[in-house]
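Novice: I need the structure of the sequence given here:
(chains A and B)
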There are 2 protein chains.
Amino acid sequence: MLTFELLATDGQARRGRLTLNHGVVQTPIFMPVGTYGTVKGVLPRSLEEMGAQIILGNTFHLWMRPGLDVMAQFGGLHRFESWNKPILTDSGGFQVWSLGEMRKISEEGVRFASPVNGDKLFLTPEISMQIQTVLNSDIVMQFDECTPYEVKGKLTTEREARQSMELSRRWAVRCKTEFERLGNPNALFGIVQGGMFENLRQESLDALVEMDFPGYAVGGVSVGEPKDEMRRIVAHTPHRLPANKPRYLMGVGTPEDLVDGVAHGVDMFDCVMPTRNARNGHLFTRFGDLRVRNARYKADEAPIDPTCTCHTCQNFSRAYLHHLDRCGEMLGPMLTSIHNLHYFLNLMQEVRDALDAGTFGAFQQQFAQDRARGI
Amino acid sequence: MLTFELLATDGQARRGRLTLNHGVVQTPIFMPVGTYGTVKGVLPRSLEEMGAQIILGNTFHLWMRPGLDVMAQFGGLHRFESWNKPILTDSGGFQVWSLGEMRKISEEGVRFASPVNGDKLFLTPEISMQIQTVLNSDIVMQFDECTPYEVKGKLTTEREARQSMELSRRWAVRCKTEFERLGNPNALFGIVQGGMFENLRQESLDALVEMDFPGYAVGGVSVGEPKDEMRRIVAHTPHRLPANKPRYLMGVGTPEDLVDGVAHGVDMFDCVMPTRNARNGHLFTRFGDLRVRNARYKADEAPIDPTCTCHTCQNFSRAYLHHLDRCGEMLGPMLTSIHNLHYFLNLMQEVRDALDAGTFGAFQQQFAQDRARGI
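Specialist: The predicted model follows:
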C-alpha cells in the first residue's frame, strides 16, 4: 500500500507525507543506500538516530548474495538486516546495465554472467518482480533499461534513446502485470526514461501516467552526463508528473543537486555519495566540503562542522579523524559515514522545515551562500 | 594516583576495586586494546555500553602517529580519542622488541628505524616515561625488554633470560626516577620478567617489590611458548606479588586463560584476541567457539549466542553475519567485534559475580563444562 498527502507547496517544491507498509516517510527525503542489506559501515540504530526514514536495497546484489532462499526464509529484507522502517529496492536494471560487455539485452530481458560465480543468469521484468516480492520492499521499482548518455565516447542518439525508452515502457507493462499477479502488497513505481531528449521524456511520462502507478521515478540521469544536461532534464520532467503521486529522482546527487531537485518538484532522492565519499575522507559541511586527509587537519581540534549535531561532530575532532584515516583504522569510515549521512538527512530536514514555514526561497539563497563560503 | 581495595578472596582468586585518576575499575577485569587510539571497529560509546571500564593504548604506535605534538595539544589520549574512563598504556618495549632485526638493544635503550617512515629513532626508559606522561594514561608501564621464548628456533637459555631480566630491572629504576622527576600524577607499574625460569621470576619480583610500585605486571608470557609453559609461569608468579597491589598479566589470552589467570591471583588482562578474531569471523560463545564463515550458518536464524545480551546477538542472526562476512561488508567486523568484546567483558563480570557470591569454584566448573559442550 501507499498513500501520499501533499502538505504544502512552494512553486514547484512540495512538502509531503508518504505512508508505506512499514511506516511514514516525510518528504522531501534522502534515502541512504544499503546495497547488500547494509548501509556500508553504519549500524541500523545509528541510521535511526540520525533520522533515516527509508533506506534502499539492491535487488541485483541481494539476488546474488545471500540469495532468494535465505531472503524467503527471513520473510524479506527487513528482518534479515534488522531494519523495521520502509525499504525501497531498485529493479536490478541499473546493475545489469553496468555489467557492460558482460550482458546481452533482448526484448525478453537481460542475459548475463554472475559477477560473483560466473553462473549464466537471466533477468526479466517478471523475475525482477518475483525477487522484489520476496524481498518485501515497501517500494518496488519497475525493471527498466537505463539509457546511457554515451557509449565509448559516442553520444546516444535520439533514435537509440527512443528504442531504449520504448523497451522500458513495454517492460513497465509486464512489471505491472506480474506485480499484480503475485499479489505483492507493496507499491510499484514506474520509471521515466528518454535520455537527454525532452520529447522522449514526455512520451515516456505520458505512457506511464496512463498506467496509473502509485509513484514515479525519473531514471537515466546521473549516468555520466554533464551537470547542465542533468539540470535540464531535472527542470523538465519531475514537475510534469502527477501532483498527487510521489516523485523519485534516481541516483542523485550532491547537496546542491538535492536542493535543485526539490525546487523542481522532486520528493525522493538516493545516492551512494555520502557513504562512498566518507570512506575517501571527503566530508560535506554546511560551509562547503572538507578533505579530512589534508595535512592541515593534523592538529585541528574543531569538529568537522561546528554547526552539526551528529554523533561524530559532537564527540570527535578533525585531528582524530585525520589520524584514523592516516592509520587506515576502521573507525575512520564509521565516523565519517555517520557524519555525511547525517548531513544529507539533516539537509532534507531543513528543506522540510523551510517548506513548512513557507520560506524555501530564502532557504535556497542561504544554502547556496553558506556552501560557497568555504570551511 | 591509584588505590586498590581487596574486596574478597577465594583461594588465590581476588575481587578488587581499583581507583584511578579517570575512575573506578572493578577487578578482575579485561581491558580492550586500542592500539592507535581506537579499539578497532568499535565506537567508544559501544565500549561503554558493553561495560568496558578501562582500555589500552600503545605508546609506540601513538608516538609514531599522530605524534607527541598532537597528543600534547589535546592534553593526552583521553580527549583525543573521546574516552573519559581510565586508560593503560604499554611502554613501547614489546613493539620495539617485535621489530626483530630492525632494532638494536643497548644498556641505554633501543635504536630502531621507524616502520612508518624509516626515521632513525631511539627509545629509552626515560623517553617512554616522557611519552606516557604526555599521553596522560592512568596506568603507565615501565619500559622493559620482553624476553623471547626462542630466537630462530633456539630456546632462550637461563643465562640469556637472566641478562634480559636484569636489564629490565635496571630500566625499572630509571623509569621510576624519570616518572617521579616528571611529576606524573598517574600510576607506574613494574613488570616482572625472567622468561620460563621460576628462580629468575622470583628474583625479578623481589627486586621490583623492593622498589614499591603501586602495581605489578607479569610480562614475557604469551610470546610463543607452549600453553603448559605459560600455565606454569601463571601458576608461579602472580600470587607471589604483594596482596595489596593490582596484578596485571600482559597480553593474555583466551577465555580459558583468563579464568585460569584469575584462579592464580591475576586482576587485570588485555589481549587483541577478541577484536582480531572477530575480524576473521572467529566468535566466542558460552558454548565454545563459532566460525561464522562456515557455510552451515548461511541460513541460520539464531543469534551468535542465544544466552548473550550484546547488541549484535539482540538484533542480528548468524545468517546475516555470514552474509556480511562473505560480501566483505564493514558492518561484519563491526558487529562481531561488539560481540567478542562483550563476551570477554561479560565473562569477567560473571567472574566478579561468582567471587562476590563466594562461588568461584563452582563457576570454574560450569564455565569449563559449558565451553566444552560446543555450539
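
Novice: which bits of chain A sit near chain B?
Specialist: Within reach of chain B by CB under 8 Å from any CB of the partner chain, chain A has these residues: A:36-38, A:40-45, A:65-66, A:69-70, A:73-74, A:80-82, A:298-299, A:301, A:311, A:315-317, A:319-320, A:322-324, A:326-327, A:329-331, A:333-335. Any C-beta I mention is one placed from the backbone N, CA and C, and that applies to glycine too.

Novice: A:Glu126 touches A:Glu178, doesn't it?
Specialist: Yes - using CB atoms under 8 Å, A:Glu126 is in contact with A:Glu178, at 4.5 Å.

Novice: what about the residues of chain A next to chain B, which are in helices?
Specialist: Members of those lying in helices (criterion: DSSP state H): A:44-45, A:69-70, A:73, A:80-81, A:311, A:315, A:319-320, A:322-324, A:326-327, A:331, A:333-335.

Novice: keeping just the C-alphas, turn stretch A:159-176 into PDB.
Specialist: This file holds the C-alpha atoms of stretch A:159-176, laid out as PDB (Å, rounded to 0.1, in the frame of the first residue of the first chain):
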ATOM      1  CA  ARG A 159      16.700   7.000 -32.200                       C
ATOM      2  CA  GLU A 160      18.700   4.900 -29.700                       C
ATOM      3  CA  ALA A 161      17.100   6.700 -26.800                       C
ATOM      4  CA  ARG A 162      13.700   6.100 -28.200                       C
ATOM      5  CA  GLN A 163      14.300   2.400 -28.700                       C
ATOM      6  CA  SER A 164      15.600   2.100 -25.100                       C
ATOM      7  CA  MET A 165      12.700   4.200 -23.700                       C
ATOM      8  CA  GLU A 166      10.100   2.100 -25.600                       C
ATOM      9  CA  LEU A 167      11.600  -1.100 -24.300                       C
ATOM     10  CA  SER A 168      11.400   0.200 -20.700                       C
ATOM     11  CA  ARG A 169       7.800   1.200 -21.400                       C
ATOM     12  CA  ARG A 170       6.900  -2.300 -22.600                       C
ATOM     13  CA  TRP A 171       8.700  -3.700 -19.600                       C
ATOM     14  CA  ALA A 172       6.700  -1.400 -17.300                       C
ATOM     15  CA  VAL A 173       3.500  -3.100 -18.600                       C
ATOM     16  CA  ARG A 174       5.000  -6.600 -17.900                       C
ATOM     17  CA  CYS A 175       6.200  -5.500 -14.400                       C
ATOM     18  CA  LYS A 176       2.700  -4.200 -13.500                       C
END
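
Novice: which other residues reach it?
Specialist: Contact with stretch A:159-176 is made by A:91, A:105, A:107, A:124-126, A:128-129, A:142-145, A:147, A:156, A:188, A:190-191, A:193-197, A:200, A:203-204, A:207-208, A:211, A:213, as judged by CB atoms under 8 Å, 6 or more residues apart in numbering or on different chains.

Novice: next one: stretch A:16-26
Specialist: Outside stretch A:16-26, the residues that reach it (CB under 8 Å, 6+ apart) are A:1-7, A:27-29, A:53-54, A:78, A:84-87, A:138-139, A:185-187, A:246, A:267, A:352.

Novice: now stretch A:280-289
Specialist: Outside stretch A:280-289, the residues that touch it by CB under 8 Å, 6+ apart are A:255, A:274, A:277, A:290-293, A:304-305, A:307-308, A:321, A:325, A:332, A:336, A:339-340, A:343-344, A:370-375.

Novice: so of those, which ones are in helices?
Specialist: A:255, A:274, A:277, A:321, A:325, A:332, A:336, A:339-340, A:343-344, A:370-373.

Novice: pull the number of nearby residues for the residue in the stretch 101-250 of chain A positioned nearest to chain B.
Specialist: Nearest residue of the stretch 101-250 of chain A to chain B: A:Val116, at 9.4 Å (CB to the nearest CB). Using other CB atoms under 10 Å in any protein chain shown, A:Val116 has 13 neighbouring residues.

Novice: what sits against the nearest residue to it once chain neighbours are set aside?
Specialist: In space, A:Val116 comes closest to A:Met64 once its chain neighbours are excluded; the distance is 4.8 Å by CB to CB, 6 or more residues apart in numbering or on different chains. A:Met64 makes contacts with A:114-116, as judged by CB under 8 Å, 6+ apart.

Novice: any chance of those residues in TSV with secondary structure as columns?
Specialist: Output for the contacts of A:Met64, formatted as TSV (DSSP: H, G, I helix; E, B strand; the rest coil):
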residue	secondary structure
A:Ser114	coil
A:Pro115	coil
A:Val116	coil
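
Novice: of these, which is the nearest to A:Gly100?
Specialist: Relative to A:Gly100, the closest of the contacts of A:Met64 is A:Pro115; by CB to CB it sits at 10.9 Å.

Novice: hmm, that closest one is touching A:Gly100, no?
Specialist: No - using CB under 8 Å, A:Pro115 is not in contact with A:Gly100; the gap is 10.9 Å.

Novice: neighbour count: these two, which is higher?
Specialist: Using other CB under 10 Å as the criterion, A:Pro115 and A:Gly100 rank with A:Pro115 on top: 15 against 10.

Novice: how near is that one to A:Arg103?
Specialist: To A:Arg103, A:Pro115 is 10 Å away according to CB to CB, to the nearest Å.

Novice: who touches both of these two?
Specialist: Counting by CB under 8 Å, 6+ apart, A:Pro115 and A:Arg103 have no common neighbour.

Novice: now the strands for the stretch 151-300 of chain A?
Specialist: Under the criterion DSSP state E, counting those that start in this stretch, the stretch 151-300 of chain A contains strands at A:154-155, A:187-192, A:215-218, A:247-249, A:268-270, A:282-285, A:288-291.

Novice: and the contacts of the second one?
Specialist: In other words, strand A:187-192. With contacts defined as CB under 8 Å, 6+ apart, strand A:187-192 is touched by A:1-2, A:20, A:91, A:129, A:138-142, A:144, A:168, A:172, A:175-176, A:179, A:201, A:204-205, A:208, A:211, A:213-219, A:237, A:241, A:248, A:250.
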